[in-house]
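Visitor: Sequence below, structure please.
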Amino acid sequence: MKISRGIGVLPNLITIGNGICGFAAVVKLMKIRIVTDPATGELVFNDVRLFTVAAWLVLLGMVFDVFDGRVARLSGTTSNIGAQLDSLCDLVTFGVAPALMVVRLNMINPQAWQSFVWFFCLAYFLGAMLRLARFNDENEPDESSHLCFKGLPSPAAAGCISSLVLFYTYIAAFEQRELKLFSRFVEPETVQAMQAVVSWIPVIMPVLAIILGWTMVTTRLEYDHVASQFFHRTHSFEFIVYIVFGGLLIASLPELLLVVIFIGYLIYTPCQYLWCWVTGARREDSESLPTVMTNDQ
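Guide: Numbers count the residues shown, from 1 in each chain. Prediction:
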């Protein structure tokens, strides 16, 4: 039985790279153990850096996901098996790994709360799974069909969780050079207060997970496809300058800026819809963008 006329090698290798990142993230998370701090007697993780590595692996998988479909469309090697492989890899990297990340972060919390965490993370996983199933049913290889999302894309949902984990581990450790420099200009009590606030992030993340699960499957929200908007259109020289210097700024402080970018992307569309509903105005891009929307992850 012939399953496909032709399978593009390069785009599918890129897709497999995405799946490898997701698998590696899961392995890193499973290596995390809970131990007792001899100084305080509290339950702590044996190596918080494993959360950081897992979060970066999910974000690296996102880079692979940006380019696999584009390479397939540009090379004319799109195939059904490629779309199925893409969804399977995305389910691991953007569905299983982020949900497991939140579960593991809350394993030092009371058992009663962990039961709620399991339910909230299951809702996130099911949201990602249902979204990817819908993608397999509605996906079209035409480039013009990849300019807008119905619901939050699963890589963006995983980016919200991963970037928040990076921010949490970054502030909680308070060991990086720039943070040590910051501590010289403020009182130690301020540093301790900031770390105390950040310590609540693991408790907040399960609630965020269930919100992300619903946002991925809703068809009421239309999210712009940032990569397609960037590559599909021509831009001014000033725009390229902003991109270059903005990229350098993000590269210098990724733990602080990535969470702003992903959470900003999450709330921008709902805020825009709320503003239009209150003022009776239309979305600014409603007439400029094609009406065809994609379910692309």
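
Visitor: Give me the neighbour count for Leu105.
Guide: Residues near Leu105, counting by other C-beta atoms under 10 Å, number 25. For the C-beta atoms, the positions are set from N, CA and C on the backbone; glycine is no exception.

Visitor: got the residue ranges for the strands in the stretch 101-250 of the chain?
Guide: 148-150, 222-224 (DSSP state E, counting those that start in this stretch).

Visitor: What confidence value was assigned to Phe262?
Guide: For Phe262, the model assigns a pLDDT of 95.

Visitor: is it true that it touches Gly159?
Guide: Yes: using C-beta atoms under 8 Å, Phe262 is in contact with Gly159, at 4.2 Å.

Visitor: Compare those two (neighbour count), which wins?
Guide: Neighbour count, other C-beta under 10 Å: between Phe262 and Gly159, Gly159 has more, with 24 against 20.

Visitor: what's stretch 87-94 in contact with?
Guide: Contacts with stretch 87-94, where a contact means C-beta atoms under 8 Å, 6 or more residues apart in numbering, come from 15-16, 18-19, 21-23, 25-26, 58, 61-62, 65, 128-129, 132-133, 135-136, 154-155, 157-158, 297.

Visitor: Relative to the whole chain's centre, how far out is that stretch?
Guide: Mean-position distance between stretch 87-94 and its chain equals 12 Å (C-alpha atoms, centre = their mean, to the nearest Å).

Visitor: where are the low-confidence patches of the stretch 101-250 of the chain?
Guide: The stretch 101-250 of the chain contains residues with pLDDT under 70 at 139-147, 173-180, 182-183, 227-235.

Visitor: need the helices for it, in chain order.
Guide: For the stretch 101-250 of the chain, applying DSSP state H, counting those that start in this stretch gives helices covering 111-138, 154-173, 177-183, 188-198, 201-217, 226-232, 237-252.
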